[in-house]
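Engineer: Kindly return the folded structure for what I paste below:
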Amino acid sequence: MKLLRYGPSGQEKPGLLDSRGDIRDLSNVVHDVAGETLLPDSIARLRTIDPMSLPRVDGPSRIGPCVGAVGKFICIGLNYSDHAAESGMTVPVEPILFMKATSAICGADDGIRIPRGSQKTDWEVELGVVIGQTARYVSEAEAASHVVGYCVINDLSERAFQLEGTGQWVKGKSADTFGPIGPWLVTTDEVPDPQNLDLWLEVDGRRYQHGTTRHMIFGVSQLVSFISRFMSLHPGDIISTGTPPGIGMGQKPDPIYLRPGNHVRLGISGLGEQNQLVSNSSP
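Structural biologist: Below you'll find the model as predicted:
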């Protein structure tokens, strides 16, 4: 299934995408694509529903973040060896964890607002992992059963905020609009191998990133197991699993960063696309 949330910001309704590409309303079935809706029994019940029996959403509608009420937004740094090389950093011996503020979360096409004082806003296409049942101290063999599905994420970053001064990653990752997720939450039955997905990102039609999850240093099961040693993972928590090479900071001979008016387009095979127009933050 491809689950989604549609409607005005803060008023999103649950839905799913049918085989013809139409949105079907799930409001009379579940309250939201969040929390208990993501548990295995709930997902199993949703799979029994004929999408064509649900009301079709007519006309254009904003697609919101594909998961609501996200508790934790956990990110992995330097998880592709070739990205570590372009960043001039050593390949990590274990996953590098950092958090992104959930207030950064927005819809796939909502647009990117460059934060006040930024000169180095950068892009990162990433595979998002959505947790479907609580995970504590799970083994790698058990980890996949705790994942409900996957989504596209643009892990936007302000490099000066992240790496210069005191060098705190969280403040370079957490500006409003720096966490587009979606458009869909694609359940695991449609993603038989999360370690065999192509990722790509373009700015103004020029392709900067083109990678594959086959090159991840730590795969999905390793990440879920590792993180669950240090914190419990709950339904609706999201793990952003790192980015392939091609970020703006790594461009030669000079870095390239986002500016107002840029159009960012990105996607992952089978998981959909995002389209974002870049603008300045409101005063």
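Engineer: Provide a list of residues in contact with S103.
Structural biologist: Applying CB atoms under 8 Å, 6 or more residues apart in numbering to S103 gives the contacts S174, D176. (Glycine included, C-beta is placed from N, CA and C.)
Engineer: what's the answer for A101, then?
Structural biologist: Neighbouring residues of A101 by CB under 8 Å, 6+ apart: F73, V170, K173, S174, G179.
Engineer: Just the closest of these to S9, please.
Structural biologist: G179 (13.6 Å; CB to CB).
Engineer: Check the burial of the closest residue in space to S42 that isn't next to it in sequence by counting its neighbours.
Structural biologist: Distance criterion CB to CB, 6 or more residues apart in numbering; nearest residue to S42, sequence neighbours excluded, is E36 at 6.1 Å. Look at E36: counted by other CB atoms under 10 Å, it has 12 neighbours.
Engineer: now swap in the one 10 residues further on and tell me
Structural biologist: By other CB under 10 Å, 19 other residues sit near L46.
Engineer: Pretty sure it sits against V33.
Structural biologist: No: L46 lies out of contact with V33 (CB atoms under 8 Å); the separation is 9.9 Å.
Engineer: so what sits against both of the two?
Structural biologist: Residues touching both L46 and V33 (CB under 8 Å, 6+ apart): L3, L26.
Engineer: Got the phi and psi for A104?
Structural biologist: When read as degrees, to the nearest 10, the backbone of A104 gives phi -80, psi -20.
Engineer: How about the contacts made by it?
Structural biologist: For A104, the contact set (CB under 8 Å, 6+ apart) comprises F73, L156, K173, S174, A175, D176, T177, F178, G179.
Engineer: quick one: the fifth one is in a strand?
Structural biologist: It refers to A175. No: counting by DSSP: H, G, I helix; E, B strand; the rest coil, A175 falls outside a strand, being coil.
Engineer: which residues touch it?
Structural biologist: A175 is in contact with A104, R113, P115, S118, L156, E158, S281, counting by CB under 8 Å, 6+ apart.
Engineer: Helices of the chain, residue ranges please.
Structural biologist: Ranges of helices in the chain, per DSSP state H, are 40-47, 81-86, 140-143, 159-163, 169-173, 220-227.
Engineer: What's the local residue count around V186?
Structural biologist: Residues lying near V186 (other CB under 10 Å) number 26.
Engineer: Report the beta-bridge partner residues of it.
Structural biologist: Using DSSP bridges, the bridge partners assigned to V186 are K2, Y150.
Engineer: can you list the weak-confidence ranges in the stretch 151-283 of the chain?
Structural biologist: Along the stretch 151-283 of the chain, segments meeting pLDDT under 70 span 283.
Engineer: that older thread, can you put the contacts of A104 in a markdown table and add distance to G205?
Structural biologist: Output for the contacts of A104, formatted as a markdown table (distance: CB to CB, whole Å):
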| residue | distance to G205 |
| --- | --- |
| F73 | 29 |
| L156 | 19 |
| K173 | 26 |
| S174 | 29 |
| A175 | 25 |
| D176 | 26 |
| T177 | 21 |
| F178 | 23 |
| G179 | 24 |
